[in-house]
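**Q** What follows is a predicted structure for the sequence shown.
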Amino acid sequence: MLSVLFSGYEENELCPRPDHWEASRLPPTWVSRLWVKYPFWAGAFGNPFTRRRPLYRADLKHDSEFDDFFTPGRPFKKTVEAEYRLESEIGMDATEFLRRLNDGEKDLRGIALSSAALLGCDLRFVNLARAHLREVDLWGANATAVNFSEAQLVRVRLAAGHLFRASFHKVQAPGIDLAGANLHAADFTGANLSQADLRAAQLTNADLRGANLSGAVLRGAHLTEADFRGANLRGSNLIETIISKTRFDGADLRGVRWEE
């Protein structure tokens, strides 16, 4: 019977070395289900479906596809969060995101979220380092000390948000909307904020050393004691900004608009 089940697979491919496994070479799903359903097969011949192996070219969008990758009865979610942290590959919807926030979860590193409207969302002290947010509207969010370090923020709106002491260290957020946001003492070191909308933003005591603000609009922003040392401000708009004790040492100020 085994010869029928595994017809088309060479003998040395039935139990290859773990580092040679890849999703495209796994037996069909119905075969793996039979193997799990009748465990005496595994006892006699070993169970190749429970061996740890890389998820090379695997379909990570449907839970049913993971039956062949982990030991039966072992919680997949726990495995992902504790060992593999694959949320950024799987993604989540806004309902799941809000449920985890309401449950008091603060560690949401590496999550993926797209096409969501979460106006006024409470993100205080939430860790979203290396998260992937695309077309997410967080207008008016309360995000005190939120951590966006090294995150990918594509067409994200945080306008009018409260982002006191937020971390945007090395964030990739070209074109981000931060108009009117409270960014007091925020960390933007090494961030990519090219073409960002920072109109009337509160950037007092903010650290923007080495940040890319080329083409950004900071019209009417409060820059008191902000640190732009080594920043790229080429072609940015600083008309009507409030500048007091602001540092621009080594910054690229070519083409900056200071007045109408």
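**A** Happy to help now that I have it.
**Q** Give me the below-cutoff pLDDT ranges for the chain.
**A** Low-confidence regions of the chain, defined here as pLDDT under 70, cover residues 1-90.
**Q** and stretch 148-162, how far apart are its ends?
**A** One end of stretch 148-162 to the other measures 14 Å (Cα to Cα, to the nearest Å).
**Q** Use 41 as the first number from now on
**A** Noted, 41 is the first residue going forward, which turns the last one into stretch 188-202.
**Q** List of residues touching it?
**A** Stretch 188-202 is touched from outside by 168-184, 206-213, 215-222, 237, with contacts defined as Cβ atoms under 8 Å, 6 or more residues apart in numbering. C-beta coordinates here come from the backbone N, C-alpha and C atoms, glycine included.
**Q** please redo it, this time with the cut-off set to 6 Å
**A** Contacts to stretch 188-202, defined as Cβ atoms under 6 Å, 6 or more residues apart in numbering, come from residues 168-183, 207-213, 216-222.
**Q** Among those, which ones are in strands?
**A** If you go by DSSP state E, these have 172, 173, 174, 175, 176, 177 in strands.
**Q** Of those, which is the nearest to residue 134?
**A** Proximity to residue 134 was ranked across the ones in strands among the contacts of stretch 188-202 by Cβ to Cβ; first place goes to residue 176, at 8.5 Å.
**Q** Could you list which residues are in contact with residue 289?
**A** If you count contacts by Cβ under 6 Å, 6+ apart, residue 289 has them with residue 269.
**Q** try 10 Å
**A** The neighbourhood of residue 289, defined by Cβ atoms under 10 Å, 6 or more residues apart in numbering, consists of 249, 267, 268, 269, 270, 271.
**Q** Check residue 259 too.
**A** With contacts taken as Cβ under 10 Å, 6+ apart, residue 259 has the following neighbours: 219, 237-241, 276-281, 297.
**Q** Show me just the buried residues among those.
**A** Buried residues within the contacts of residue 259, defined by neighbour count using 16 or more other Cβ atoms under 10 Å: 219, 237, 238, 239, 240, 241, 276, 277, 278, 279, 281.
**Q** distance of residue 268 from residue 151?
**A** Spatial separation of residue 268 from residue 151 under the definition Cβ to Cβ, to the nearest Å is 31 Å.
**Q** Between the two, tell me which one has more neighbours.
**A** For residue 268 versus residue 151, neighbours defined as other Cβ atoms under 10 Å are more numerous around residue 268 (26 against 21).
**Q** was I right about that one contacting residue 285?
**A** No. Contact criterion Cβ atoms under 10 Å: residue 268 and residue 285 do not qualify, at 11.8 Å.
**Q** can you pull the contacts of residue 167?
**A** 145, 146, 147, 148, 149, 150, 185, 186, 187, 188, 189, 207.
**Q** what pairs with the last one across the strands?
**A** In this structure, residue 207 bridges to residue 187, residue 227 when assessed by DSSP bridges.
**Q** Adding neighbour count, write the contacts of residue 167 out as TSV.
**A** Converted to TSV, these look like this (neighbours: other Cβ atoms under 10 Å):
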residue	neighbour count
145	12
146	15
147	13
148	19
149	18
150	19
185	16
186	28
187	25
188	32
189	21
207	23
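**Q** neighbours around residue 253, how many?
**A** By other Cβ under 10 Å, 27 other residues sit near residue 253.
**Q** I misspoke; the intended subject was residue 161.
**A** Applying other Cβ under 10 Å, we find 22 residues neighbouring residue 161.
**Q** Buried among the contacts of residue 289? Need that as a selection in ChimeraX.
**A** Buried residues within these, as defined by 16+ other Cβ under 10 Å, are selected in ChimeraX through the command that follows:
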select :249,267,268,270,271
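**Q** Now flag whichever of the contacts of residue 289 is closest to residue 156.
**A** Proximity of the contacts of residue 289 to residue 156, judged by Cβ to Cβ, is greatest for residue 271, which lies at 30.7 Å.
**Q** Out of the contacts of residue 167, the closest to residue 162 would be?
**A** When the contacts of residue 167 are compared for distance to residue 162 (Cβ to Cβ), residue 186 comes out closest, at 10.1 Å.
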